[in-house]
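Q: sequence and predicted structure, then a few things I'm wondering about:
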Amino acid sequence: MEKTFVMIKPDGVQRGYVGEIISRFESKGLKLVALKMLWIDEETAREHYAEHKGKDFYRPLINYITSGPVVAMLVEGDSAIKVVRKLVGKTDPKEAKPGTIRGDLGLDVARNVVHAADSEKSAERELNIFFDPEDIKEYELSSEEWLYE
């Protein structure tokens with residue numbers, strides 16, 4: 001099973017979409033293995049968005065992601081990265097298809113409610129920023145039990 005990192009951004013939390021977003025992942029058969037609500041500090045934000053350092057939108061991005069609580073998640077499933085990215089939709093909600101999280105709930109590029117790792121390498125790096133090994137709770141979904149009999 002592949003693991004990936006997903007974060008509900010401050011606008012998603014503040015607009016009350018945490019349950020709906022989590023439900024979309026679970027309805028698709030993905031499993032939540034770790035979940036926490038936190039308020040990201042400046043240092044963690046800089047580490048998370050290090051790849052964007054020097055770009056015009058870097059400082060506004062740091063200001064935004066530290067402006068309110070977020071929900072960080074470790075999501076697991078078959079081809080989880082690809083499945084999550086498809087559920088999330090394009091970065092710009094105006095370009096995201098209806099039925100995707102950003103297409104349905106996002107307002108603009110800055111307030112697109114959710115972040116999702118775009119590769120295995122990014123997922124591993126981001127998971128290590130937000131989760132310690134003791135945060136991860138491995139378990140089987142009831143729908144998986146038949147696979148192991």
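A: Nice, thanks for sending it over. Residues are numbered from 1 along each chain as shown.

Q: between the two ends of stretch 8-19, what distance do you get?
A: End-to-end distance of stretch 8-19: 10 Å, with C-alpha to C-alpha, to the nearest Å as the criterion.

Q: buried residues in it, which are they?
A: Neighbour-count burial for stretch 8-19 flags 8, 9, 10, 11, 12, 13, 17, 18 (criterion: 16 or more other C-beta atoms under 10 Å). C-betas here are computed from N, CA, C, even on glycine.

Q: among those, which one lies nearest to residue 61?
A: The nearest member of these to residue 61, counting by C-beta to C-beta, is residue 9 at 10.2 Å.

Q: quick one: the helices in the chain, in order.
A: Residue ranges of the helices in the chain, as given by DSSP state H, are 10-14, 18-27, 42-48, 58-65, 80-88, 101-105, 120-130.

Q: quick one: which of those helices is nearest residue 113?
A: Using C-beta to C-beta, the nearest of those to residue 113 is helix 10-14, at 3.6 Å.

Q: quick one on the thing from earlier: for residue 111, find the nearest of the helices of the chain.
A: If we rank these by C-beta to C-beta, the stretch that ends up nearest is helix 10-14, at 4.2 Å.

Q: now do the closest one: which elements does it pack against?
A: strand 70-77 (3 or more C-beta pairs under 8 Å, 6 or more residues apart in numbering; DSSP states H and E).

Q: what's the strand it packs on packed up against?
A: strand 2-8, helix 10-14, helix 18-27, strand 31-38.

Q: any chance of the ones you listed in JSON lines, plus mean pLDDT and distance to residue 116?
A: What follows is the helices and strands packed on strand 70-77, written out as JSON lines (pLDDT from 0 to 100; distance: least, C-beta to C-beta, whole Å):
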{"stretch": "strand 2-8", "mean pLDDT": "98", "distance to residue 116": "5"}
{"stretch": "helix 10-14", "mean pLDDT": "97", "distance to residue 116": "12"}
{"stretch": "helix 18-27", "mean pLDDT": "97", "distance to residue 116": "10"}
{"stretch": "strand 31-38", "mean pLDDT": "96", "distance to residue 116": "14"}
